[in-house]
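S.K.: sharing a model that was predicted from the sequence below.
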Amino acid sequence: MLRLAPWVMISVLTLPLATGLLMVILPAFGYLPVLGGDTFHLEAWQALWARAGLHRSVLLSYFSGLITTLVSLLIVVLFLAASQGTWLDRAIRRMVSPLLAIPHAAVAFGLAFLIAPSGLLVRWVSPGLTGWERPPDLLIVNDPLGLALMAGLILKEVPFLLLMSLAALPQLRPELRVTLARSLGYAPSIAWLKCVLPALYPLIRLPVYAVIAYATSVVDMALILGPTLPPTLSVSILTWFNDPDLSRRFMASAGALLQLGVTLAALLTWWLGEQGVKRLSRRWLVNGARSSCSRVIAFGGRALLLTVTLLAISALGGLALFSVAGFWRFPDALPGSFTLDHWQRILPSVTTPLMNTLSVGLAATLIAAGLVVATLEHAARHHLPARRALWLLYLPLIVPQVAFLFGLVVAAESAGLRPQHALVVAVHLLFVVPYLYLSLSEAYRRLDPRWVQVALSLGVTPWRAFWQVRLPLLLAPLLTACAVSLAVSIGQYLPTLLLGGGRVPTITTEAVAMASGGNRRLVAVLALLQALLPFIGFSLALLIPRLVWAKRRQMRGAA
Amino acid sequence: MKPRAILTTAVATAMLSLTVPAAAAPDPSDWEAVLEEASGQTVYWNAWAGEERINTYISWVARQVEMQYGIELVHVKLGDTSEAVSRVLAEKQAGNDDRGSVDMIWINGENFAAMKANGLLFGPWADAMPYYALTDPDNTPAVRYDWTIPVDGLESPWSSSQVVFYYDTALVENHPNNMSELLEWTKQNPGEFTYAQVPNFLGNAFITQALLELSDTTDIFYDPMQEEDFDAATAPLWEFLDELHPHLWRSGRAFPSNSADLRSLMGDSEISIALSFSTTEASGAIANYELPDTVRSYVHDSGMIGNMSFMAIPYNAQHKAGAMVVANYLMSPEAQAEKQDPEVWGSNTVLAMHTLSPEERALFDDIDLGIATLPPSELGDVLGQPHPSWVDAIADAWQERYVN
């Protein structure tokens, strides 16, 4: 039965995706009979190329994806290299992981309000320090270079990469490596960079790829923080798909394929960069330089991560402040009055959405965990190398959602599947399974096989070894992976709406619908509620191993 | 997806098609039969849900129709109306012609035009609704034409709205009264005015308002656009916008994405004049703590663009009878008066006051419109929305011109 697991997993992910994609490829080349397109031609592509600002949209998506990933990775690596287990480092780590729980859109709203010319930062120093009675007319949010968008993405990607790294690190025994290198006279941070990083990077490589794919095609954050004239490619595509003029859907489909190309190009660029770094760093790794720049690294790593953390926390604080704010005139540092009105108006209507969010998220996570663990266990028992076909798992993360979800609805309808909870769970699996696999697979694969061998040699069955040895050893990464997947499920908007036919309201669909009306106070309430469930998930993932392994410090895993 | 599910559905469909003809659509002229069929149905109403006031009103409606007609009304909350249009399109593509999941859509303008043109709507049914007569369709063209597209009984009127400007009296002494005064004012107060980015419908409304104000003859815009007329007819608009943009908020290098963004900018004192598609927006936002209580509304001398929004039933809706009963109830004096109350929502009625009985009219007379809302007598003339082909072409040209 285990043998089937990888194939079940791959088909669960790729069949819907392929069907959905086909339904986009056809219209991109002119075929969509329901709108009168019954011949193949290239008009949609011609219309696409003729769009004003297309090349800038493409460049924006490409570069913002690469730059945010590079910066986020640098911050994480520098911090880990600098982090020597002081109380400050532990405090920063602990503050970072909850940030993962805040939905992208909420971070974007918070950040926009923090850095805008009429935002919190300016309010706090005005008019005292600046003399500004009115907000300065500066283009900070929605800037043409997408800097605000990149900043927002970095706030979200740093915690993700840090968590992935922390989950993977214990099996590398970084303390041993660093201690050994230090005994040879290397400065601590240099020791980490030379002895731990080269082993760590392969373990977090797939999460890095996921970050690139996400950052090149993100929609919700780009809508709030990104440039507008023109917007990023993904936002343009969504606008075309949403255009009342239904014939725009042909061009939108072509755009979706172009987006796929942009994402692939960014991934390819990164891969080439990896090869380059591999070559260039070979000499540095063994040149014996023991302390160059170690202080800069140690300081920079902490300072950068602290900045990211403080920015994200201030953004969240701004949201919390707004959720209880009365009218708040510029440049007052605090609202003129406080009120619980906003909470009172929202709370009565969110019980059902919260329950739906939880039931869908848990169902998807449990199914995904079963599939992923079965696949990994199968590979572990038969000492199989990572199957090449498994790269298919990442397709749902790489193909932009707008590209295949519309087609997927058609496919589901054709199969007679009505919008319902089960269908929403199924479509969430598309996104939950890859992230869960991403978060768990390396930890699983790298777990020292001798533990299980010892157990087997003591005469237990493979299943008992699995339950009593492997799973307990993997408790921390498994729970972290489940928390990530729960957060991913909770964050899904388009899939929930489209496959649920709007009949499975979740806290996220409520929040996005409300965000379209832009009452910042109500949006803040919903964003905080939306962050609540994943926050609980991550807290449990941290707490449970601590409780279970209260007496076994090494097994507690991350943080 | 699962082979068995496909097989079961196929067999079931085949059997159904052999035994029973597709369920007959309810006949709107036989109202008793419609009511009977509607009772016990669950109606999925797809409606934009960006305003908490609107959502609260919709849940009030749900309680009323449950009590009065035994209908369970479910609000499917949308961020954008086109999400529902997509759904219907997908169902049509998949051959689901009678069990559609969208029973009723809050719709108007371009989305209606698109659905009508692609045969995605059920009807005609709206003219036969009992309360329809109260809208005085014979004397109110806005009931019969949605952005110049004939309604043909495919949607029932729900709300009437009109573009208004609102401004902060603490920051602006004399508000402009037409587009050239607005241009002058913006030059003197750079960075303090902007409009929503085209093709957002409010952005479109602003540029069409400017187009209508600046053109010598406006008749041409109410017929489908002819390519050869475009350049000459829109030249004054581009001249105006070219001159206006450098003085806008952020020098026209970025635009707020919708009316909500615009409202936030007002609330943050970034701008001093904004516009809205709702005559009560400013009053509502003051009550919601979003705007200072020094904000007031005004309109241009020439009149402002206005339109109605409607309820439509997709061609494949599963609960057409229930949807008709709800749509009809939405036109009742009771539901319309409740909606017009700014304490509830503050959206204008589609009913013609002279068609109502004195008691019904009293429901409306007692409403307090709010501090920043203009009374109906001061709203001026309502200018019709140009034909969608014009709006689309102008929005595209705007993109060409101002997106680099």
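M.R.: All right, it came through fine.

S.K.: ok, B:Ala321 - contacts?
M.R.: Residues counted as contacts of B:Ala321 (C-beta atoms under 8 Å, 6 or more residues apart in numbering or on different chains) are B:Pro26, B:Val34, B:Leu35, B:Glu37, B:Ala38, B:Gln41. In short, each C-beta sits where N, CA and C put it, glycine included.

S.K.: who in the stretch 201-350 of chain A is up against chain B?
M.R.: By the criterion of C-beta under 8 Å from any C-beta of the partner chain, the positions of the stretch 201-350 of chain A lying close to chain B are A:223, A:227-230, A:239, A:241-246, A:325-330, A:337, A:339, A:341, A:345-346, A:349.

S.K.: out of those, which are buried?
M.R.: Those of those that meet the buried threshold are A:223, A:227-230, A:239, A:241-246, A:325, A:327-328, A:330, A:341, A:345-346, A:349, by 16 or more other C-beta atoms under 10 Å in any protein chain shown.

S.K.: keep only those of those that are in helices.
M.R.: When DSSP state H defines the helices, the subset of those inside them is A:Leu223, A:Thr239, A:Phe241, A:Asp341, A:Arg345, A:Ile346.

S.K.: turn these into CSV, columns for pLDDT and distance to A:Arg464.
M.R.: Conversion of those to CSV gives the following (pLDDT from 0 to 100; distance: C-beta to C-beta, whole Å):
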residue, pLDDT, distance to A:Arg464
A:Leu223, 84, 51
A:Thr239, 85, 56
A:Phe241, 83, 52
A:Asp341, 88, 58
A:Arg345, 86, 54
A:Ile346, 87, 49
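
S.K.: ok, those vs B:Ser283, which is closest?
M.R.: Proximity to B:Ser283 was ranked across these by C-beta to C-beta; first place goes to A:Asp341, at 16.4 Å.

S.K.: ok so, going back, from the contacts of B:Ala321, which single one is nearest chain A?
M.R.: For chain A, the nearest member of the contacts of B:Ala321 is B:Gln41. The distance, counting by C-beta to the nearest C-beta, is 14.7 Å.

S.K.: once you drop chain neighbours, what's closest to the closest one?
M.R.: Across the structure, with C-beta to C-beta, 6 or more residues apart in numbering or on different chains as the measure, the residue nearest B:Gln41 apart from its sequence neighbours is B:Gly322 (3.5 Å).

S.K.: do you know the pLDDT at the one you found?
M.R.: Turning to B:Gly322, the model gives it a pLDDT of 97.

S.K.: what's the closest of the contacts of B:Ala321 to A:Leu547?
M.R.: Distance to A:Leu547 across the contacts of B:Ala321 (C-beta to C-beta) is lowest for B:Gln41, with 50.9 Å.

S.K.: phi, psi for that closest one please.
M.R.: Comment: the main-chain dihedrals of B:Gln41 come out as phi -80, psi 160, following degrees, to the nearest 10.

S.K.: got a list of what it touches?
M.R.: B:Ile71, B:Glu72, B:His319, B:Ala321, B:Gly322.

S.K.: what about the closest residue to B:Phe221 other than its chain neighbours, how many neighbours?
M.R.: Here the nearest residue to B:Phe221 in space, its sequence neighbours aside, is B:Pro386; by C-beta to C-beta, 6+ apart that works out to 3.8 Å. Using other C-beta atoms under 10 Å in any protein chain shown, B:Pro386 has 23 neighbouring residues.

S.K.: which residues touch B:Pro386?
M.R.: Contacts here follow C-beta under 8 Å, 6+ apart; on that basis B:Pro386 touches B:Trp147, B:Thr148, B:Thr208, B:Leu211, B:Leu212, B:Phe221, B:Tyr222.

S.K.: so which of these belong to helices?
M.R.: Using DSSP H, B:Thr208, B:Leu211, B:Leu212 are the members of these that sit in helices.

S.K.: where exactly do the strands run in the chain?
M.R.: Chain wasn't specified; assuming chain A. Residue ranges of the strands in chain A, as given by DSSP state E, are A:31-32, A:37-38.

S.K.: chain B is the one I meant
M.R.: Taking DSSP E as the criterion, chain B carries its strands at B:42-48, B:72-78, B:104-107, B:145-146, B:149-150, B:155-162, B:164-168, B:273-276, B:295-298, B:304-312, B:382-383.

S.K.: to chain A, which of the ones you listed lies closest?
M.R.: Chain A sits nearest to strand B:72-78 of all the strands of chain B, at 3.3 Å, using C-beta to the nearest C-beta.

S.K.: give me the distance between that closest one and the centre of its chain.
M.R.: Between the centre of strand B:72-78 and the centre of its chain there are 17 Å (C-alpha atoms, centre = their mean, to the nearest Å).

S.K.: what residues does that strand touch?
M.R.: The list of residues contacting strand B:72-78 from outside it, by C-beta under 8 Å, 6+ apart, reads A:501-503, A:505, A:509-510, A:513, B:41-49, B:55, B:58-59, B:61-62, B:65-66, B:84, B:102, B:326.

S.K.: and the angle from that strand to strand B:42-48?
M.R.: Note on geometry: by axes from the mean of the first three to the mean of the last three C-alpha atoms, to 10 degrees, strand B:72-78 and strand B:42-48 are set 30 degrees apart in direction.

S.K.: got phi/psi on the residue nearest to B:Phe221?
M.R.: Torsion angles, degrees, to the nearest 10, at B:Pro386: phi -60, psi 170.

S.K.: do the same with A:Leu384
M.R.: Here is the backbone geometry of A:Leu384 (degrees, to the nearest 10): phi -80, psi 140.

S.K.: list the contacts of the closest residue in space to it that isn't next to it in sequence.
M.R.: Ranked by C-beta to C-beta, 6+ apart and with sequence neighbours excluded, the top spatial neighbour of A:Leu384 is A:His378, at 7.4 Å. Neighbouring residues of A:His378 by C-beta under 8 Å, 6+ apart: A:Leu2, A:Arg3, A:Ala5, A:Pro6, A:Leu384.
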